[in-house]
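Asker: Using only what follows, build the 3D model:
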Amino acid sequence: MKFITKQYKEKQADIVYRLKEKPVYFLIEHQSTVNQKMIEKIGNYTKQIMQREETNSLLYPIVVPIVIYTGFQKWTAKTKFSQKQYYEKVYSEYQYTSLWYNLIAVQDYTFEELLETTSLFTSFMIMEKCKTKEEKLVYTKKIINKLKKEKSKELAEEIIKNIMALFFGRNIITKMLEELERKEEISMSPATKMLFDLQLEGEKRGIMKTIKETAQKMLKKNMDLKDIEEITGLTKEEIEKLQECV
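Answerer: Just a heads-up that it's a prediction; the model follows:
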């Protein structure tokens with residue numbers, strides 16, 4: 001995916017990504033409190049993205065909204081526009097039903113579950129889950145080391161420049177990029193190691209299960225396997241295995 005901006009026009013959406021070769025955008029919005037008007041906010045961002053794309057094309061793009069929620073109170077806001085719209089059977093064909101957003105509650109996942117699949121989304125969730133800057137640095141090192149072992153240098157660089165840059169200053173980001181070039185694992189002091197081992201408790205809910213369920217929904221909509229692979233981070237073999245169950 002291509003990183004677009006962390007400040008989108010006058011009103012700020014947290015992060016906007018675009019698929020490399022297709023007009024498909026991923027809008028990631030962060031919320032620490034329940035917002036009953038979130039669907040309207042998502043609608044405004046979606047409209048801005050569509051207007052931006054329309055200047056270069058006759059077709060409107062697809063926008064996939066994701067709300068990452070870091071609060072502890074149960075999310076009670078409606079996630080679909082149709083849930084907030086008056087319904088009358090006679091006029092049901094005019095009801096606006098397509099606008100909705102994916103809700104991801106960060107507290108539903110443990111750090112270990114989020115680290116199982118390293119991606120732009122999970123890295124952002126890990127940073128939001130951390131309570132202190134020191135803790136953010138600890139998990140940043142773990143993410144980078146994991147990607148170095150997996151030889152995913154390109155993804156690591158993208159995460160540092162587009163996710164970590166939201167939380168750290170330029171000097172720290174420069175140092176992270178320098179450490180990325182080193183072959184050995186990034187070392188940690190005993191104090192950092194202790195912080196590294198600390199994990200906040202959360203509901204035991206495997207993020208891989210959620211990712212695979214999302215991939216299955218995409219398969220049911222006959223989405224391209226390559227697009228599913230790029231969005232979810234799953235391998236071609238994993239997606240083909242899921243396809244057998246659809």
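Asker: where do the strands sit along the chain?
Answerer: Assigned strands in the chain, in chain order: 2-5, 15-18, 24-31, 62-69, 102-105 (criterion: DSSP state E).
Asker: and the residue nearest in space to the middle of the chain, what does it touch?
Answerer: Nearest to the geometric centre of the chain sits residue 121, at 2.8 Å (Cα atoms, centre = their mean). Taking Cβ atoms under 8 Å, 6 or more residues apart in numbering, we find residue 121 in contact with 28, 66. Quick note: C-beta positions are derived from backbone N, CA and C, even for glycine.
Asker: Model confidence score at it, please.
Answerer: With respect to pLDDT, residue 121 has a value of 81.
Asker: Residue 129 versus that one, what's the distance?
Answerer: Distance of residue 121 to residue 129, given as Cβ to Cβ, to the nearest Å: 13 Å.
Asker: Residue 125 is nearest to which of the strands of the chain?
Answerer: If you check each of these against residue 125 by Cβ to Cβ, strand 62-69 wins as the nearest, at 6.0 Å.
Asker: Buried residues, the closest one. List them.
Answerer: 63, 65, 66, 67, 68, 69 (16 or more other Cβ atoms under 10 Å).
Asker: Can you name the two of those that sit furthest apart?
Answerer: Across the buried residues of strand 62-69, the longest distance by Cβ to Cβ is 19.0 Å; it joins 63 and 69.
Asker: just to revisit the earlier point, among the buried residues of strand 62-69, which one sits closest to residue 144?
Answerer: Top of the list for closeness to residue 144, among the buried residues of strand 62-69 and by Cβ to Cβ, is residue 68 at 21.2 Å.
Asker: what residues are up against that closest one?
Answerer: 14, 28, 29, 30, 31, 104, 106, 124, 125, 128.
Asker: okay, the residues you listed in JSON lines with pLDDT next?
Answerer: Compiled in JSON lines, the contacts of residue 68 are given as follows (pLDDT from 0 to 100):
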{"residue": "14", "pLDDT": "67"}
{"residue": "28", "pLDDT": "86"}
{"residue": "29", "pLDDT": "87"}
{"residue": "30", "pLDDT": "85"}
{"residue": "31", "pLDDT": "89"}
{"residue": "104", "pLDDT": "88"}
{"residue": "106", "pLDDT": "88"}
{"residue": "124", "pLDDT": "86"}
{"residue": "125", "pLDDT": "88"}
{"residue": "128", "pLDDT": "87"}
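Asker: Now flag whichever of the residues you listed is closest to residue 117.
Answerer: Taking Cβ to Cβ as the measure, residue 117 lies nearest residue 125 of these, at 10.6 Å.
Asker: Residue 105 is in contact with that closest one, correct?
Answerer: No: in this structure, residue 125 is not within contact of residue 105 by Cβ atoms under 8 Å, at 9.8 Å.
Asker: between these two, which one's more packed in?
Answerer: Neighbours were tallied for residue 125 and for residue 105 using other Cβ atoms under 10 Å; the higher tally belongs to residue 125 (24 against 19).
Asker: From residue 59, how far out is the more buried one?
Answerer: 31 Å.
Asker: same deal with residue 220?
Answerer: 23 Å.
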